[in-house]
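>>> Below is the sequence, then the predicted model.
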Amino acid sequence: MALKRRSIKDARGESALFQRRALAGFALILLGLCTLIVRYHYLQVQRHDEFALRSENNRVKPRAIPPARGLIFDRSGVLLADNVPAFRLEVVPEQVPDMKAMLSQIGEVVPLGDDDIDTFKKQLRQNRRFDSVPLKMHLTEDDIARFAINRWRFPGVDVVPYLTRRYPFGPLFAHVVGYVGRIDADDVNRLDPERYKGTSHVGRSGLERSYEDILHGTPGYELVEVNADGRTQRVLETHPPIPGKNLYLSIDLRVQKATTDAFAGRPGSAVAIDPRNGQVLAMVSVPSFDPNLFVNGIGRADYTAYMTAEDKPLLNRALKSAYPPGSTVKPFLALGGLEYGVRRPEDTVLSTGEFCIPGQQRCYRDDTRGGDGTVNMVRAIEKSTNTYFYRLALDLGIDRLSSWMGGLGFGHKSGVDLLGEAEGILPSREWKATRSKFGWFPGETVIAGIGQGYWNVTTLQLAHATATLADRGTPYAPRLVMATANVKERPVPLANPPSGPSVIHKAANWNVINQGMEAVIYGAGGTASQAGVFKGFPYTVAGKSGTAERFSRRGNEYDTNKNTAYLATRHRAWFIAYTPTEAPRIAVAAMLEEGAWGAADAGPIVRKVMEAWIVTQGGAVPPSKTPESGVESASSAPAQPDDTPMATPADMPAGMPADPSSTASPEDGGNR
Amino acid sequence: MIDALQARLVRILRRMMTRPRIDLPLAFGLFVLAVVGLMTLYSASGGSMAMITGQAARFVMGGLLVVLISRIPPSVLRSWTPWLYAASVALLLVVAALGQVRSGSKRWLDLGVMSFQPSELLKLTMPMMVAWYLHSRQLPPRWKDIIVVGILIAIPAGLIAEQPDLGTALLVSAAGAFALFLSGMAWWKIGSLLAAVGGMVPVAWHFLHEYQRNRVRTLLDPESDPLGNGWHIIQSQIAVGSGGMFGKGWQHSTQSRLDFLPEHTTDFIFAVFSEEFGLVGVIGLMLLYAFIIGRCLWIAMEARDTYSRLLAGAIGMSFFVYVFVNGGMVAGMLPVVGVPMPLVSYGGTSAVSLLTGFGVVMSIFANRKMHD
């Protein structure tokens, strides 16, 4: 069978058949290879541009470079807010295959708090899938080392360097400089995403917040080559960011420190202002807090401690706490009496220890039992004679009283360059109408004359009013920042023209008030003189004390038991002063929440502020008691800075070319 | 002594020149391909010397195999053929019973020191078996022979497809089918058989695994799932397309270097080649492959008997299947199947089995027809 079959085989025919088939097969193969080449031609030539672009887009990603935040310096160039390098863990959601698993596993490598995960999840919902989201800030070196070893396990997660904020002086400037905090879900809606690309922190409080626009800067970007995991391989191109501007405060660290120390931990606040230009020389609220804790997210325990502390360390008392000013309003009221022509300096009032509104049963007491006798204006300020001011208030009437005091800034925001300022309460018919269905009673005018009743002022307002008075009536909005500077450039002073014309129309009037306030310090009956507050002080000081009754801080109910309550817990002590009286350079208001007497308790604080300030001026003694009678001329024009040898190099030109139309704030301007 | 050695060496050299056992043009073509393969691998692996030396060692081993096998006369190979075929099918059954499962498919036999895929053996024993069978038949084959050959192909191909390893099943079937084709099977029979296979496609769809179906679906519309199933196809086409006419230059494939292209040293290495050398490089490599295949077919035509002719021709033509399937897959023309670009893709088994095939071709060359 097999033999037979083989015999049939035609070897030559088979060979020829095979040759034909092999050639046909080769032709088919060439056809197949040509098909491939046509396809490759289609991809590589016809669609080359498209794929070249997609290849570039795969590989090259733009990455925002956040700008370095502007630094904050004190008046003499001491760094108050610094940027320090740190590392954080960032996640690109798009590149994480399983977010849940990643979050649970990464905790074994880098310890995560509940806070971290909550914040992360919140931001995760807000961000786009390809934007990186910070997971943990401020990694320790151990964290970084452990993550580096395990990095391969977590695609889309990386350690990224960033600049974090540090406040070297901690609590000292916490209420002024404020702090930055991590951008949260609410901020994301509020902030311009282009400007904040890659930025993790934003100003939360204080100057960090109010000067956010200036401090932030403009982000740059770089083109980086990334691999499929999104890891940066190298930088191809860099467009550097523009750093934020640096801020220079008018506060000198030493003055701020001395002011804080003067409180010795007692709750209260103090503000010092340069009357010539509104520059704030010190702003202190005691107690304070550590702003560094807030930068990378404050822990719950710390936050609860601050929130529940009885002394409310997070509250900026200078800016936000308004209390009855007590007798500190008296010099201002007296000036109003003169300006309105209701009183002449020599007009006298008999103080008998009790003042009754004519035709009414209701009577109001003097502080001194039996009264101060016959007093003129200067004596009335010196001795803080209530009866004089009861009558003055009554003679002015509430409308003129509130109009005049409003012109000095009471009841209005001072226009300081901080956010969240309290307006306080200026007693007026309008104000009462919004609160009560009863009309205005004359008795309310009477107690308004001694800074009681509806009155509420902030320390800042009182300092502002004192500075306005010191500068012979020319108001300046208080300014904490006196200059800004681009990186590596000289600081450029910020203009702060007067916020309105002088409130004093007759220069002689100022002399009377100044004389009264000097008598407070030096006169035989002066409240501060009796306490010896300014004994041996090198310059002439004009001041006024105030002691306002307060509600018990504990329980918020009025403590009526005079026998058991210490005076201190019943009184708020105020003191305002400026110096040197010939050409005032510093005006101070200090408030102690628990002070028995304004002069004895708040007065020494004011003195310490002034002393520290003198040290910063090189201790140089300004011409004391020079017979400079420039009072008449100074009243009409805004005071120009004097070029005394006291000006230090760091001292900024105070009076910029005035342009009131552009900067005068509506609250302070045009009240008269 | 030295004279004797020298004389012997001269004799060997003269013999190599006048009547070499190795076809030098084919050997040269394979050598050039190996060099191109190593260069591409160097770039695709990011300059990994471990991979280069590993691959080069395999090429050297494969080269030795070529020389060794070329010394075995085709008549001996023919007499071994049924046993070799039976043994490799038996191993496939062993794999089906006891094989190792790796990434979802059962392809491997663990031999202690190394593991190996018996399906690789079929790439050679399959065309050998078909050639052996047809050798003793009257050609062109009749329906009965075609059915027998069909069964010879279907048994191992079915076992391999079941592993599942569609790529190898395809290569093995193609190798057998090419032998049948070269034996002179009538065109109308080929046509009706292809029509029948075409009719089977909807049925076959049912037998595909879900991942295999997804590969086909993804091919039709890769952008529907750009990060999942479509990723390979999209990134590979981006690599190829961005290469343009002249390519980005050797070692300048960004798609590969930055890991956008998966499997860039193995199944998708041709995308790296296309990105770096452009259409010009692609055409050049295609010409090289065409040359190698053509040379195999030429050797087949010169062969002494039917067995040798069919075997050498089938080996040459199945080389084309590798190129076409891999090239088509990289270009997004064919679904993703595990077929390497011959002698360019990194990986031991395919390089060794391919070179073994060329050893057989060389043996057939050495025993070619005498024209004189």
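Okay, I see it.
>>> Output the longest strand anywhere in chain A in CSV with nothing but the alpha carbons.
In chain A, with assignment by DSSP state E, the single longest strand is strand A:79-91. The C-alpha trace of strand A:79-91 is given here as CSV (Å, rounded to 0.1, in the frame of the first residue of the first chain):
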residue,chain,number,x,y,z
LEU,A,79,12.4,89.5,61.5
LEU,A,80,9.0,88.8,62.9
ALA,A,81,7.6,86.4,60.4
ASP,A,82,10.1,84.1,58.6
ASN,A,83,9.8,81.4,55.9
VAL,A,84,11.6,78.2,56.8
PRO,A,85,12.0,75.2,54.6
ALA,A,86,9.9,72.1,55.5
PHE,A,87,8.6,69.0,53.8
ARG,A,88,5.1,67.8,53.3
LEU,A,89,3.4,64.7,51.9
GLU,A,90,1.4,65.4,48.8
VAL,A,91,-1.0,63.2,46.9
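>>> Just the buried positions in that strand, please.
A:79-81, A:83, A:86-91 (16 or more other Cβ atoms under 10 Å in any protein chain shown). Where you see a C-beta, it was placed from the backbone N, CA and C, and this is true even at glycine.
>>> Taking the stretch 101-250 of chain B, what residue is nearest to chain A?
Nearest residue of the stretch 101-250 of chain B to chain A (Cβ to the nearest Cβ) works out as residue B:241 at 2.6 Å.
>>> Apart from its chain neighbours, what residue comes closest to that residue?
residue A:51 (2.6 Å; Cβ to Cβ, 6 or more residues apart in numbering or on different chains).
>>> on that earlier part again, sheet partners, orientation included, of the longest strand of chain A?
strand A:72-73 (antiparallel), strand A:133-136 (antiparallel), strand A:157-166 (antiparallel) (DSSP bridges).
>>> export the second one as PDB, just CAs?
In other words, strand A:133-136. The C-alpha coordinates for strand A:133-136 follow below in PDB (Å, rounded to 0.1, in the frame of the first residue of the first chain):
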ATOM      1  CA  VAL A 133      -3.400  67.800  47.700                       C
ATOM      2  CA  PRO A 134      -1.300  68.000  50.900                       C
ATOM      3  CA  LEU A 135      -1.800  65.100  53.200                       C
ATOM      4  CA  LYS A 136       0.600  65.900  56.100                       C
END
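>>> For the residue of the stretch 101-250 of chain B closest to chain A, grab the count of nearby residues.
When neighbours are counted by other Cβ atoms under 10 Å in any protein chain shown, residue B:241 registers 28.
>>> Residue A:17 touches residue B:138, doesn't it?
No: the criterion here is Cβ atoms under 8 Å, and residue A:17 misses it with residue B:138 at 11.2 Å.
>>> So which of those two has more stuff around it?
Counting neighbours by other Cβ under 10 Å for residue A:17 and for residue B:138 shows that residue A:17 has the greater number, 18 against 15.
>>> is it true that the more buried one lies in a strand?
No: Residue A:17 is assigned helix when assessed by DSSP: H, G, I helix; E, B strand; the rest coil, not a strand.
>>> pLDDT on the longest strand anywhere in chain B, on average?
Under DSSP E, the strand in chain B containing the largest number of residues is strand B:105-110. Across strand B:105-110, the average pLDDT comes to 71.
>>> Direction included, what does it pair against?
Sheet pairing for strand B:105-110, using DSSP bridges, gives strand B:100-102 (antiparallel), strand B:115-116 (antiparallel).
>>> Give me the buried stretch members for it, please.
B:105-109.
>>> go on, stretch B:198-206?
Neighbour-count burial for stretch B:198-206 [16+ other Cβ under 10 Å]: no residues qualify.
>>> now do stretch A:475-487
For stretch A:475-487, burial by neighbour count (16+ other Cβ under 10 Å) applies to A:475-485.
>>> Could you check the pLDDT of the spatially most central residue of chain A?
When Cα atoms, centre = their mean is applied to chain A, the residue found nearest the centroid is residue A:206 (1.6 Å). We have a pLDDT of 93 for residue A:206.
>>> tell me the domain ranges of chain B?
B:23-71+B:209-372, B:81-207 (automatic domain parsing).
>>> if you compare the ones you listed, which one is most tucked away?
domain B:23-71+B:209-372 (a mean of 21; mean count of other Cβ atoms under 10 Å in any protein chain shown).
>>> circling back to that earlier point, now for the residue of the stretch 101-250 of chain B closest to chain A: which residues touch it?
A:43-44, A:47-48, A:50-52, A:54-55 (Cβ atoms under 8 Å, 6 or more residues apart in numbering or on different chains).
>>> What ranges does the stretch 401-550 of chain A have for its strands?
For the stretch 401-550 of chain A, the strands defined by DSSP state E, counting those that start in this stretch occupy A:457-458, A:481-485, A:492-493, A:542-549.
>>> And these: which comes nearest chain B?
strand A:481-485 (42.5 Å).
>>> quick one: the helices in the stretch 51-200 of chain B?
Here the stretch 51-200 of chain B has its helices, by DSSP state H, counting those that start in this stretch, at B:74-98, B:118-135, B:143-162, B:166-182, B:187-207.
>>> relative to helix B:143-162, how tilted is the shortest one?
Between the axes of helix B:166-182 and helix B:143-162, defined by axes from the mean of the first three to the mean of the last three Cα atoms, to 10 degrees, the angle is 170 degrees.
>>> With only the CA atoms kept, save helix B:166-182 in PDB.
Presented in PDB, the C-alpha positions along helix B:166-182 are these (Å, rounded to 0.1, in the frame of the first residue of the first chain):
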ATOM      1  CA  LEU B 166      -4.000  32.600  22.300                       C
ATOM      2  CA  GLY B 167      -0.800  34.100  20.800                       C
ATOM      3  CA  THR B 168       1.100  30.800  20.900                       C
ATOM      4  CA  ALA B 169      -2.000  28.800  19.700                       C
ATOM      5  CA  LEU B 170      -2.200  31.200  16.800                       C
ATOM      6  CA  LEU B 171       1.600  30.700  16.000                       C
ATOM      7  CA  VAL B 172       1.400  26.900  16.300                       C
ATOM      8  CA  SER B 173      -1.700  26.700  14.100                       C
ATOM      9  CA  ALA B 174      -0.200  29.000  11.500                       C
ATOM     10  CA  ALA B 175       3.000  27.000  11.300                       C
ATOM     11  CA  GLY B 176       1.000  23.800  10.600                       C
ATOM     12  CA  ALA B 177      -1.400  25.600   8.200                       C
ATOM     13  CA  PHE B 178       1.600  27.100   6.300                       C
ATOM     14  CA  ALA B 179       2.900  23.600   5.700                       C
ATOM     15  CA  LEU B 180      -0.500  22.600   4.300                       C
ATOM     16  CA  PHE B 181      -0.600  25.700   2.200                       C
ATOM     17  CA  LEU B 182       2.900  25.000   0.800                       C
END
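>>> Quick one: list the elements packing against it.
In this structure, helix B:166-182 makes packing contacts with helix A:11-41, helix B:118-135, helix B:143-162, helix B:306-330, judged by 3 or more Cβ pairs under 8 Å, 6 or more residues apart in numbering or on different chains; DSSP states H and E.
>>> next one: the second one
The helices and strands touching helix B:118-135, judged by 3+ Cβ pairs under 8 Å, 6+ apart, are helix B:74-98, helix B:143-162, helix B:166-182, helix B:306-330, helix B:348-366.
>>> ditto for the longest one
Helices and strands in packing contact with helix B:74-98 are listed as strand B:105-110, helix B:118-135, helix B:143-162, helix B:306-330, helix B:348-366; criterion 3+ Cβ pairs under 8 Å, 6+ apart.
>>> between it and helix B:348-366, what angle do the directions make?
Following the same axes, to 10 degrees, one obtains 160 degrees for the angle between helix B:74-98 and helix B:348-366.
>>> Over to the second one?
Taking the same axes, to 10 degrees, one finds that helix B:118-135 is oriented at 20 degrees with respect to helix B:348-366.
>>> ok now helix B:118-135, how far from the chain's centre?
Averaging C-alpha positions (Cα atoms, centre = their mean, to the nearest Å) puts helix B:118-135 13 Å from its chain's average.
>>> average pLDDT across that helix?
The average pLDDT within helix B:118-135 is 91.
>>> what does stretch A:47-58 give?
Average pLDDT, stretch A:47-58: 90.
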